[in-house]
Structure formats: structure tokens, C-alpha cells
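Enquirer: 3D model of this:
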Amino acid sequence: MGNDLDTQHARTPKQRRSRQSYDRMIEAATEILREKGLEALTLAEVSRRSRVSIGSIYCRVAGKEDLIREVQARVLREMEHEFAMLVNRVRRRTLPLRELVPTLVRELAHYLRRHAALLNAFMQQGGRDTHVASVGRRAHHQNMLDFKLILLERHAEFRHPDPEHAAAACFTIVYGALARYLGLGATLGEHAGAGEGDWKELVDDLGLMALAYLTVDPTAKLEHTASRGR
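Expert: Numbering: from 1, shown residues only. Below you'll find the predicted structure:
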């Protein structure tokens with residue numbers, strides 16, 4: 001793991017009972033973020049849910065900001081592992097590109113949807129906490145790298161002249177469309193534009209568009225258009 005995710009923002013206890021209290025604290029904070037969002041997270045609510053006293057919480061973290069950093073570090077470690085396993089399951093199927101691209105897009109879509117509430121909370125916090133933003137960018141980059149590398153294993157089937165660029169662009173475009181639908185990083189007022197349209201149709205369309213992008217040579221199209229204009 002990278003240094004960002006390994007950085008400690010809480011005093012991790014060594015004794016078993018204290019460790020159990022610490023884990024309950026982190027799990028309670030995670031549940032609140034998942035169920036109700038960033039604004040609902042308070043140390044008082046964490047204390048109530050976890051059955052850990054406010055005093056004990058302050059023995060572990062300096063405040064709400066450090067608690068969010070700890071939750072993010074744990075959640076993103078688990079998510080990175082999940083996404084890597086997901087990609088490896090797809091890889092073992094040895095699909096041709098025409099099947100690989102829609103499958104990978106669909107898996108990315110379901111993965112993001114499963115974790116949308118927590119990702120949104122981290123993105124919102126990242127707007128006010130540069131460390132949270134940095135950790136989020138690193139995790140995002142790792143997802144992009146995993147996605148890109150499995151596509152590049154089929155680069156012989158690409159027609160795009162720059163496979164590295166094309167594979168990375170596929171992730172960026174697909175992620176952007178999915179993130180908008182899921183409202184990732186949006187404030188409460190901005191959520192009005194999220195969730196528009198049919199989810200399954202969006203995912204299917206993104207898979208087809210990504211496949212078309214990889215299997216059409218844009219330079220050939222430009223040359224054809226130029227020849228018609230002469």
C-alpha cells in the first residue's frame with residue numbers, strides 16, 4: 001500500500017479490549033457516513049452507536065477530521081483489495097476485447113454504486129481537507145491503473161494508434177459518466193442532476209461506446225473525411 005493509506009491519524013490501541021472499542025468506533029463512523037452522509041457524522045453519534053465514551057474517542061483521535069481520515073484509510077484499503085480481486089476474476093475469464101470492455105465497464109459501475117455513499121462523503125470532505133483529497137486521488141489512480149492494464153492485455157485488438165492513452169481515456173470517460181449519475185462529490189443542492197435516466201441503459205451504452213473508441217482508428221477517419229473534402 002502507498003504511504004498515504006498507511007498514515008495513522010489515530011492512536012491505535014494494543015490491548016484486545018481497547019482494540020475492540022477502537023474497531024467499533026471506526027465501524028460506527030463508517031455506518032453513519034454510509035447511511036446518512038458527511039453532515040450526520042458527529043462524535044456524539046459515533047459514541048452512541050459504538051458504545052464508546054466521548055472521552056475514549058478523544059483518547060484515540062483529535063477530532064472529527066482525524067476520525068474521517070481513519071475511516072477513509074480503512075475503507076479505501078478494503079475497496080482497493082475488492083477492485084483488484086474483481087479485475088483478476090475478469091482477467092481469468094480471458095475474454096476477447098468485444099466482451100472484455102462491456103464486462104469491465106459493468107463491473108466498475110456496480111463497484112462504484114456499491115460504495116457511492118462512502119465515496120461521496122470522502123469527496124466532500126476532500127474539498128476541505130487536502131490529505132483526504134490526496135488519499136482519494138491515489139486510490140482513484142490505482143483503480144484507473146488496474147482498469148487500464150487489463151485492457152492493455154488485449155492491445156493487439158485495439159485500432160486506436162495510442163493504446164496507453166486510449167485505455168486510460170476509457171476509464172476517465174466511463175468513470176466521469178458513472179460518477180455524475182451517482183452524484184459523487186456533489187453537494188446536497190447539486191444532487192438534483194444525479195440519477196437521471198436508466199442505470200442499466202447507461203452502463204450498457206458506456207460499454208459499447210468504450211469498445212467503439214478502442215476499435216476505431218481516429219486517424220483513418222480523419223483521413224477519410226479530408227479526402228472527401230478535396
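Enquirer: And the strand or helix carrying Met209, what does it pack against?
Expert: According to DSSP states H and E, Met209 maps onto helix 199-215. The contact analysis (3 or more CB pairs under 8 Å, 6 or more residues apart in numbering; DSSP states H and E) places helix 199-215 against helix 97-114, helix 163-182. C-beta coordinates here come from the backbone N, C-alpha and C atoms, glycine included.
Enquirer: With mean neighbour count and distance to Gly136 added, can I get these in a markdown table?
Expert: Putting these into a markdown table (neighbours: other CB atoms under 10 Å; distance: least, CB to CB, whole Å) gives the following:
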| stretch | mean neighbour count | distance to Gly136 |
| --- | --- | --- |
| helix 97-114 | 19 | 13 |
| helix 163-182 | 18 | 12 |
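Enquirer: Arrange those helices in TSV, one row each, with distance to Ala212 and mean pLDDT as further columns.
Expert: Shown next, in TSV, are the helices and strands packed on helix 199-215 (distance: least, CB to CB, whole Å; pLDDT from 0 to 100):
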stretch	distance to Ala212	mean pLDDT
helix 97-114	9	98
helix 163-182	10	96
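Enquirer: Same list, these, but as CSV with distance to Glu201 please.
Expert: Output for the helices and strands packed on helix 199-215, formatted as CSV (distance: least, CB to CB, whole Å):
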stretch, distance to Glu201
helix 97-114, 12
helix 163-182, 11
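Enquirer: picking up where we left off before, report the angle between the helix holding Met209 and helix 163-182.
Expert: Angle of helix 199-215 versus helix 163-182, following axes from the mean of the first three to the mean of the last three CA atoms, to 10 degrees, is 170 degrees.
Enquirer: Which SSE is immediately downstream of the helix or strand of the chain with the lowest mean pLDDT?
Expert: For the chain, using mean pLDDT, DSSP states H and E, the weakest element among its helices and strands is helix 3-6, scoring a mean of 50. Scanning forward in sequence from helix 3-6 by DSSP H and E, the next helix or strand is helix 16-36.
Enquirer: Can you give the contact residues for that next one?
Expert: With contact meaning CB atoms under 8 Å, 6 or more residues apart in numbering, helix 16-36 is reached by 10, 12-13, 40-41, 45-46, 49-52, 56-57, 60, 67-68, 70-71, 74-75, 117-118, 121.
Enquirer: Any buried residues in the helix ranked longest in the chain, and which?
Expert: In the chain, taking DSSP state H as the definition, the longest helix is helix 64-92. For helix 64-92, the neighbour count (16 or more other CB atoms under 10 Å) marks 64, 66-76, 79-80, 83, 86-87, 90 as buried.
Enquirer: Tell me which residues touch Val216, please.
Expert: 159-160.
Enquirer: For the residue nearest to Leu208 when sequence neighbours are not counted, which residues are in contact?
Expert: Spatial nearest neighbour of Leu208, excluding adjacent residues (CB to CB, 6 or more residues apart in numbering): Pro102 at 6.8 Å. By CB under 8 Å, 6+ apart, Pro102 lies in contact with 204, 207-208, 210-211.
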